[in-house]
Each structure stands twice: as structure tokens, then as C-alpha cells.
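S.K.: Sharing a model that was predicted from the sequence below.
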Amino acid sequence: MTLDRRDVLRITGLGLLAGTALGRITLGRTAQAQDGNGRLLRDALDGALGTPVRRGDIPGVVAAVTDRSQIRYVGAFGERALGKGVAMTPDTVFNIASMTKPVTSTAAMQLVEQGRLDLDSPISRWIPGAARLQVLEGWDANGEPRLRPARREITLRHLMTHSSGFAYNLWDPELDRFMKQRRFPELASGQEAAWYPPLMFDPGERWEYGISTDWIGKLVETASGKTLGTYMQENIFWPLGMESTGYRLTPDMEARRAATHQRGPDGRLTEIAWNGQTRPVPELGGGGLHSTVGDYARFVRMILNGGRGNDNQLLRPQTVELMSRNAMGNIRVSRLGTTNPSRSEDAEFFPGLPKTWSLGFMINEATAPTGRPAGSLAWAGLYNTFFWIDRRNEIGGIFMTQVLPFVDAKTLAAFYGFETAVYQAMGPHEVSVRR
């Protein structure tokens, strides 16, 4: 879906909000506004979130803006499950899916700092089986896949930038054909064979979104000698005070869980039945974490503060700088064409805007229609959770709902509307380098 700035303003009705200072964002919908500007900003962001809920575009949402020190705004609107009468609250728990990926990349960079992993060595140094991965070249006259050895081995840098050759069958028709023909298992099956699908191209040749970060999680486990969930708890969640984040839902987290809703062909939203977590719970680097907006804001603040959060230094400032720069040269992020429209629409953020990838994040190389400045870091999760990190203005935004398909047009418009409201409220005089 393509939206330019005029589309976003039309959809959200935000055209008169420039000039409000971000530093006066109030601490939540019920907080007392400090002055007229604070009330205007609170009302603007409340409107951006509440309007799509009232229209029925999304069942419910929680979103926040944070600076380097604290959350400056949080809003919760709608219901955790449509028609159930349980309101969204700031502590609602969401399946953040691929918003797990930056956390996994952070774990790996901690081990790079310690010399236990290396960005540019073949990953077969830690996982010998990686050396046998092959590239799918095409199909023979009988419809059988043609496979060949890769021209080079995969490195951790390839994995972090999604230039490894790994793909997702959800967005790659050739891989989807291979998996269906061979009845090839998905990672969630727990089968060891699932780790070794064909590569779609030689490592380092181009960008394609896929199971690269799941392999990063596998490397973290190998290098640390711990399960991925345990490593994250000890080295990221506990130090940052992320008490409602993890792969396994505690009874308290499950009680606060938002239901997932499916958008049907008629546009209506239907709750997807929840039968509890599967056992054992997969701990994959590419997805599977549950979290809250407040917890993820702590992770965002750690990046904004050069690796420091909750009085703990998780990464060196130099490492955060490295994770904030293009790490794949002239390769650029491209559109993802869906193979299953019920799970994901065709996906690309800000089509036409050049985007690259760092060691963990997507980077927009020009100012986005929402006002997000060039060089910002971002990504998202399958159930339409989103975040961005604006290091230039020292703010970050988090937006969480639970809707399928991914980048559903109405849900994406709601997210863009919220982000636009933030930058409209800041005003052009605020969008500038503050260092």
C-alpha cells in the first residue's frame, strides 16, 4: 500500500497541529496537561489513536512515545477482544512477532563485543552444518528443483542484514513452491531439517527477508551455552526491567493478552480462537516474544542512550553506532510480495523511499511521509506491531495492535496516522539535530 503525506493527513484529519513542543507530551491520557500545548499534543495523539478504533478499523491499540529518559505519552483505546468488554490498557501483552528480531540482534552484538561471535567469519565455525546449505537455481523439465553449492559461506553480517539468501515462504513464491512440493517443515515444527531450506541466492548478493535472524538466535545459543530465552532474560530483559517480556506467557501475562483478529474479505474483523501456547514453546530469534508497549519502550530507550538502560550498560556506544548504520553496502530493501494474502498483504514501508538495513534494523534513507527523518531505525511484527527509533530527535514510537493480515491497509494507516501526529505536533522547528 502506498501512502504519501497528503494521504496520511487526509485519513487522520491532522492538519492544524504544528508547533507543539514534544518535551511537553503528557504522561498518559489521564495525566493533567501542563499547559495548552500539552493538552493539544495529548488531544492530537489521542485523536490519531482513538479515531480508527471508533471507526472500527482496528479492535484496539496501545501506543507510546518515549524520549531518552521516560515515556512522554501513552494511549490505550478499544478492546483486547472485540465485543468482550475488556478494555485495552497500557500493560496489555502483545505477540510482537518480528519485533523479536532487533532483540536477538542485540544479544548477538553483546557476544560480538565479548569475542564469542564474529561478524565476518563463516557461521559454520559455530554451526558446521551451515556449510552444506545450497542455492535453489530453478526447476528442471520435470519440475524438480535444481540445487547447487553456494559460492560463499554465510556470515553473521549476512544474517543481520537479511542478505544471507534465506527467505520466508510467506513472501517468496519459489521457496513456497519448494516447501509444498517437498513437504518441507517450517521452523515452528521443531524439526532439525527445517533449519536447512535452500537459499534463494548466494550470500551477499541481495536483500530478502527470511529466517536469517532465527539463525542468529541459534548462534547466540551455541556461543553462550544457554537457551535463547534464558540468555535474553539474563542479559536484556532483567537488566532493562522488562518484566512482561518473554517467550513463555506467565499466567499474569496471559490474563493481559490481546486477542488476534483476522480481517475477512468483507473487511470485518473476527477474533481468532486462542487455545493457549503450544508446548514446548519455541524460542526462535526471528519471532515469538510477547511484550508490552512500556517494556519495548525500555528497549528503544536503551538504543537512544547508546546501549545504556535502567542504569545498566548492555552495549557499548560504539556498537550502537555500528547498529545504526547501513551494513550492506549498495544493496537496498525491496518489496515483499505475499503468497498468502490472509497472513500478509504485499509489504513495503514507504514505497519509493530508499531503505537499507543495519545490524538489526531497517533504515529509511530519506525523510518519510510521516515526518520520520532520514537515518531512523525501525521494524515491525506480523500481527501489526510497529516501532521506530529517531536518534536525530532522540525519540522513539511504539504502536501495537493484533490484526492479520500484516500491513493490513486500515491498520497501517492507523500507525502512519499516529506517527504523523507525533511529528506534526513537534513542528518543523523541533525536527532537527539536537546533539
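M.R.: Arrived safely.
S.K.: CA only for contacts and neighbour counts going forward, please
M.R.: Fine.
S.K.: Where does Asn95 fall, secondary structure wise?
M.R.: Secondary-structure assignment from DSSP states H and E places Asn95 in strand 94-97.
S.K.: now Arg148
M.R.: Following DSSP H and E, one finds Arg148 within strand 145-149.
S.K.: Now do that strand: distance to the chain's middle.
M.R.: A distance of 32 Å separates the C-alpha centroid of strand 145-149 from that of its chain, computed with CA atoms, centre = their mean, to the nearest Å.
S.K.: following it, which helix or strand comes up?
M.R.: Read in the C-terminal direction, the helix or strand following strand 145-149 is helix 156-160, with elements assigned using DSSP H and E.
S.K.: counting contacts, what elements does whichever helix or strand comes after the strand holding Asn95 pack onto?
M.R.: Reading on from strand 94-97 to the C-terminus, the next helix or strand found by DSSP H and E is helix 100-113. Under the contact criterion of 3 or more CA pairs under 8 Å, 6 or more residues apart in numbering; DSSP states H and E, helix 100-113 touches helix 212-224, helix 228-232.
S.K.: of the ones you listed, which approaches Asp390 most closely?
M.R.: Distances from Asp390 to each of the helices and strands packed on helix 100-113 were compared using CA to CA; the minimum, 22.9 Å, belongs to helix 212-224.
S.K.: where's that closest one relative to the chain centroid, distance-wise?
M.R.: If you compare the mean C-alpha spot of helix 212-224 with that of the full chain, they lie 18 Å apart, counting by CA atoms, centre = their mean.
S.K.: Please spell out which residues along the strand holding Arg148 are buried.
M.R.: Residues of strand 145-149 classed as buried under the neighbour-count rule (16 or more other CA atoms under 10 Å) are Pro145.
S.K.: I'd like the next helix or strand past the lowest-mean-pLDDT helix or strand in the chain.
M.R.: Of all the helices and strands that make up the chain, helix 5-12 has the lowest average by mean pLDDT, DSSP states H and E, namely a mean of 41. Sequence order places helix 36-54 as the next helix or strand after helix 5-12, per DSSP H and E.
S.K.: buried set for that next one?
M.R.: Going by neighbour count (16+ other CA under 10 Å), the buried part of helix 36-54 is 37-42, 44-53.
S.K.: So among the residues you listed, where is pLDDT lowest?
M.R.: Note: of the buried residues of helix 36-54, the lowest pLDDT belongs to Asn37, at 60.
S.K.: that older thread, what helices or strands is the strand holding Arg148 leaning on?
M.R.: Here strand 145-149 is seen to pack against strand 134-139 when contacts are counted using 3+ CA pairs under 8 Å, 6+ apart.
S.K.: so the strand it packs on versus strand 145-149, what angle?
M.R.: Orientation of strand 134-139 against strand 145-149 (axes from the mean of the first three to the mean of the last three CA atoms, to 10 degrees) gives an angle of 140 degrees.
S.K.: ok, which stretches of the stretch 151-300 of the chain are helices?
M.R.: Secondary structure of the stretch 151-300 of the chain by DSSP state H, counting those that start in this stretch: the helices cover 156-160, 173-182, 212-224, 228-232, 238-240, 251-255, 293-304.
S.K.: right, so of those, which gets closest to Glu192?
M.R.: helix 212-224 (11.6 Å).
S.K.: outside of that closest one, which residues touch it?
M.R.: 101, 104-105, 107-108, 111, 116-117, 123, 126-127, 156, 159-160, 162, 164, 166-167, 195, 226-228, 231, 284-287 (CA atoms under 8 Å, 6 or more residues apart in numbering).
S.K.: Check stretch 146-154 too.
M.R.: The set of residues external to stretch 146-154 that reach it, using CA under 8 Å, 6+ apart, is 122-124, 130-140, 164, 198, 202-203.
S.K.: how far does stretch 282-294 sit from the chain's center?
M.R.: Stretch 282-294 has its average C-alpha position 10 Å from the chain's average C-alpha position, going by CA atoms, centre = their mean.
S.K.: how close does the closest residue to Gln134 other than its chain neighbours get to Gly294?
M.R.: Across the structure, with CA to CA, 6 or more residues apart in numbering as the measure, the residue nearest Gln134 apart from its sequence neighbours is Pro149 (4.6 Å). To Gly294, Pro149 is 45 Å away according to CA to CA, to the nearest Å.
S.K.: who's in contact with Pro341?
M.R.: So Pro341 contacts Pro405 (CA under 8 Å, 6+ apart).
S.K.: can you pull up the bridge partners for Arg308?
M.R.: When assigned by DSSP bridges, Arg308 has beta-bridge partners Gln313.
S.K.: Pairing partners for Arg148 in the sheet, please.
M.R.: With beta bridges defined as DSSP bridges, Arg148 has these partners: Val135.
S.K.: what's the answer for Val62, then?
M.R.: Taking DSSP bridges as the rule, Val62 bridges to Ala76, Met400.
S.K.: May I have the predicted confidence score for it?
M.R.: In the predicted model, Val62 carries a pLDDT score of 98.
S.K.: quick one: it and Val293 touch, right?
M.R.: Yes - contact between Val62 and Val293 holds when scored by CA atoms under 8 Å: they sit 6.8 Å apart.
S.K.: Give the residues shared as contacts by those two.
M.R.: Listed contacts common to Val62 and Val293 are Pro90, Thr92, Phe399, Met400; contacts here mean CA under 8 Å, 6+ apart.
S.K.: What's the local residue count around the first one?
M.R.: Just to be clear, that refers to Pro90. Summarising burial for Pro90: neighbours were counted as other CA atoms under 10 Å, giving 19.
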